[in-house]
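In: Fold the following for me, if possible:
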Amino acid sequence: MTRASSIVVLPFLFSFVAFGQWAKVEQNQLITYGDASVSYPADRVQFSFGVKGVGSTIEQAVRQAGERASRIISDLQKVGVTDQQIQTSHFNSADNPDGKSWWSSKEDFAAAIEIMVTLDSTFQLLERALNAVAQEQVEYISRVQFSLRNNEDKKLAAYKAAAENARKKADLLASTLGATIASVLYIEDQSGYNQSQVLALQAGVIRGGRSATFLFPGQRFTVESKVRVVFEIGRKQ
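Out: Predicted coordinates:
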């Protein structure tokens, strides 16, 4: 009977000791949340355009689409766009449903090429590039997408600012209440994943003779970060 009683009592005794240790640790802790919101101007822009070729054979259709694409790429290079900033993002060739007729086979087949342009430069180059594309025969020019390049570096800068904010709050609270910050016990990143957005704008065009002016307002992005920090505090000497 005595042995059975000791088995029952021990878990309660262990729980009491563990609770007492937990309460003792908690009373020496200070928790603060650091927030940061850092704004950056957009430094990357993308747009695409499509060209189409038609012919009585697939070979002719592909050749015509390729010639149009090559001519536009040459125009882009003349205004300062490099080979590394231009890439083919889509290609397709098939029967041309819009060109079939009983009396002619000149447009039985079609080929489509989509070209993506990515610029890590000034918006003056963007305007020149769009103007070069607009002067040629294209099927479409896509929306212009503004974003941030090297986004990871910008996230790290926001993390640093959030951590500094948490420390400032902790120093202020500790100093006001007559304590000191002894050490950092725990850090938790609560920033989440959607820290910036990509803006997509339709190009606004003002035509004057053969030239075209594309107007874009200055775009900025906000990178946000939040951290939870647990500090160990001590008494002022």
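
In: Make sure residue 172 is indeed in a strand.
Out: No: counting by DSSP: H, G, I helix; E, B strand; the rest coil, residue 172 falls outside a strand, being helix.

In: ok, now which ones touch it?
Out: Residue 172 is in contact with no residue at all, counting by C-beta atoms under 8 Å, 6 or more residues apart in numbering. Placement of C-beta: from N, CA and C, glycine included.

In: likewise residue 88?
Out: 69, 113-116.

In: Dig out what it forms beta bridges with.
Out: Beta bridges link residue 88 to residue 115 when assigned by DSSP bridges.

In: Please report how far it lies from residue 69.
Out: With distances defined as C-beta to C-beta, to the nearest Å, the gap from residue 88 to residue 69 amounts to 8 Å.

In: before we move on, what about residue 117?
Out: 12 Å.

In: Work out for me the element residue 159 sits within.
Out: In this assignment (DSSP states H and E), residue 159 forms part of helix 151-176.

In: What angle do helix 151-176 and the helix or strand just after that helix make with each other?
Out: Following helix 151-176 in sequence order, the next helix or strand is strand 179-189 (DSSP H and E). Relative orientation of strand 179-189 and helix 151-176, computed by axes from the mean of the first three to the mean of the last three C-alpha atoms, to 10 degrees: 150 degrees.

In: List the strands paired with strand 179-189, with their directions.
Out: Pairing partners of strand 179-189, with direction, according to DSSP bridges: strand 220-235 (antiparallel).

In: Buried residues of the partner strand, list them for me.
Out: Within strand 220-235, the residues that count as buried by 16 or more other C-beta atoms under 10 Å are 221, 223-227, 229-231, 233.

In: Are any of the contacts of residue 88 buried, and if so which?
Out: With neighbours counted by 16+ other C-beta under 10 Å, the contacts of residue 88 contain buried members at 69, 113-115.

In: that older thread, report the rounded mean pLDDT for the helix holding residue 159.
Out: Averaging pLDDT along helix 151-176 gives 92.

In: Please identify the helix or strand for residue 38.
Out: strand 29-41.

In: what does that strand rub up against?
Out: The set of residues external to strand 29-41 that reach it, using C-beta under 8 Å, 6+ apart, is 148, 154, 157-167, 169-170, 173-174, 179, 181, 185, 190, 218-233.

In: ok, residue 62 touching residue 53?
Out: Yes: with contacts counted by C-beta atoms under 8 Å, residue 62 reaches residue 53, the gap being 6.4 Å.
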